[in-house]
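>>> give me the fold of what follows.
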Amino acid sequence: MDAADQPSPTHSSGEGDDRTRRRTRDGGRYGFRIALGSALLAAAATTTALWLAGAFDREIVRITEVVEVREVVHSPAVAETSVQLDVDNAETRQAPTGSTTTSILTEPESSQPGTTSGTVETTVPVFAPADLVAVVASRAIPSIVTVHNLDEELGRAGSGSGVVISSDGFIITNHHVIDGADTLKVIMSDGLSYPAELIGSDPLMDIAVLKVEAGDLPYIRFGSMEGLRTGEPAIAVGNPLGLDGGPSVTAGVISAFDRSLVTNPLTGASLYGLLQTDAPITRGSSGGALLDVHGLLLGITTAIGLSDVGAEGLGFAVPINLVEQIVQDLMSEGEVRHAFLGVRGSSAFSELDDGVESPLGVEISILEESAIGDAGAQDGDVIVALDGVAVRSMPQLVARLRSYRADDPVTVTLQRGDQTLDIDLTLGMFPR
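Okay, here's the model as predicted:
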């Protein structure tokens, strides 16, 4: 028998080999557990040491800045490169044509023209910090006042709100707040009281300007209507019902533009071109401020919407572009020389091929004293534009005219039958 065929002198049944393999495997697992435990203990010790050394201390930062994202879209028609301007023109950046760039802007104070031609800019809040309204309110409240009026003849007193617009004591309020008053008094948010002088008042747009003899007053800067869109945040600050404790704050959005509102059903007196907001405006808040998220003045609150069931959550404000013009006139001239076209009108429509009616303009009848009549317009003509800006309804025409003054030149575009005519004229003075 060959040696290769002989059994081994040290015979193994195979069971001993299995025990050996298990001991080896168990030993490996035990060693791994020891190594893992040691690593965890070392990490814990290191973390504890770093914590004791203050490495994990962090400062709690409260967000008090209003942050926005400006989205700048460059049309393909512009030059090879265009410049993106920050709101305050503090810095410029180059952006390639056809691209969309996003930049973080902190509290722009004003909106300046001068953006590269062909660039469309929109500004939208990227987030609203929890204390956004509180930040705006804290800055605005010192500039909101209570206006007390006294009619000595009738023995009647009333109150409303006002907005300080200059450090030397000029204040805007509503005409209806001071109408008929013999004595005016302004109470600041800190309780200081000043006698007030009426500089001028405009019943047509319900704006008045007062002056108090004081200096170094906190005031609110004018904002801009340019680029403002429906749905953007709006914050109203006023002093409802003359209550003690200072101004109150409400928040909402811009609900609509170019609203008209009948203020006196007996006379038909109306306000035109108003901002609408759902920020609650209560009695006594008239003459207060409607602000944007930067605390800039968007308008002067003037009225609330009422029905037979009460307030409807509709507030109205005279927009800042009209307020600014009126205030300048009152401060320089003591009155506002509103423009007068000399027409009565109603909305006109044209019928399309499929039978749908489309707004065309304002069909007019000429009044006896009429600037447009003197320039050659006729009854039945339809006004379709002022200075090239389309007009589609009578309220829109009146709102547009509020931005003009007597003796201003204007080009009126008329539709007369199948003819389109441009008439150049000088606007008259609105009758008092």
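>>> list the neighbouring strands of the helix or strand harbouring residue 210 plus their orientation.
Using DSSP states H and E, residue 210 maps to strand 207-211. Take DSSP bridges as the rule and strand 207-211 pairs in its sheet with strand 170-173 (antiparallel), strand 197-202 (antiparallel).
>>> make CSV from those and add mean neighbour count to it.
(Glycine included, C-beta is placed from N, CA and C.) As requested, those are arranged in CSV below (neighbours: other C-beta atoms under 10 Å):
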stretch, mean neighbour count
strand 170-173, 25
strand 197-202, 18
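>>> wait, is residue 138 part of a strand?
No - counting by DSSP: H, G, I helix; E, B strand; the rest coil, residue 138 falls outside a strand, being helix.
>>> that one and residue 235, how far apart?
11 Å (C-beta to C-beta, to the nearest Å).
>>> when these two are compared, which one has more neighbours?
The neighbour comparison of residue 138 against residue 235 (other C-beta atoms under 10 Å) goes to residue 235, with 23 against 13.
>>> what residues of stretch 374-382 count as buried?
By neighbour count with 16 or more other C-beta atoms under 10 Å, stretch 374-382 contains the buried residues 377, 381-382.
>>> and the lengthiest strand in the chain, what does it pack onto?
Criterion DSSP state E: the longest strand present in the chain is strand 248-264. Packed against strand 248-264 by the contact rule (3 or more C-beta pairs under 8 Å, 6 or more residues apart in numbering; DSSP states H and E) you find helix 132-140, strand 233-238, strand 269-277, strand 297-307, strand 310-319, helix 394-401.
>>> give me every residue that touches the spatially closest residue to residue 329 that is not a sequence neighbour.
Closest residue to residue 329 apart from its sequence neighbours, by C-beta to C-beta, 6 or more residues apart in numbering: residue 336 at 4.4 Å. Counting by C-beta atoms under 8 Å, 6 or more residues apart in numbering, residue 336 touches 200, 202, 204-205, 326, 329-330, 405.
>>> so how far is residue 253 from residue 207?
23 Å.
>>> higher neighbour count, the two?
Taking other C-beta under 10 Å, residue 207 and residue 253 do not tie; residue 207 has more neighbours (25 against 14).
>>> what stretches of the stretch 201-350 of the chain score poorly on pLDDT?
Applying pLDDT under 70 to the stretch 201-350 of the chain flags the ranges 241-245, 305-313.
>>> one step back: which residues are in contact with the strand holding residue 210?
With C-beta under 8 Å, 6+ apart, strand 207-211 has contacts from 147, 162, 169-175, 177-178, 184, 186, 196-202, 300, 318, 323, 326-327, 330-331.
>>> swap in 6 Å and give it another go.
169-171, 173, 175, 178, 196-197, 199-201, 326-327, 330 (C-beta atoms under 6 Å, 6 or more residues apart in numbering).
>>> export those to CSV and tack on distance to residue 215?
Formatted as CSV, the contacts of strand 207-211 follow (distance: C-beta to C-beta, whole Å):
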residue, distance to residue 215
169, 7
170, 12
171, 14
173, 20
175, 27
178, 23
196, 15
197, 15
199, 17
200, 22
201, 24
326, 25
327, 20
330, 21
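>>> doesn't residue 272 make contact with residue 261?
No - between residue 261 and residue 272 there is no contact under C-beta atoms under 6 Å: 8.1 Å.
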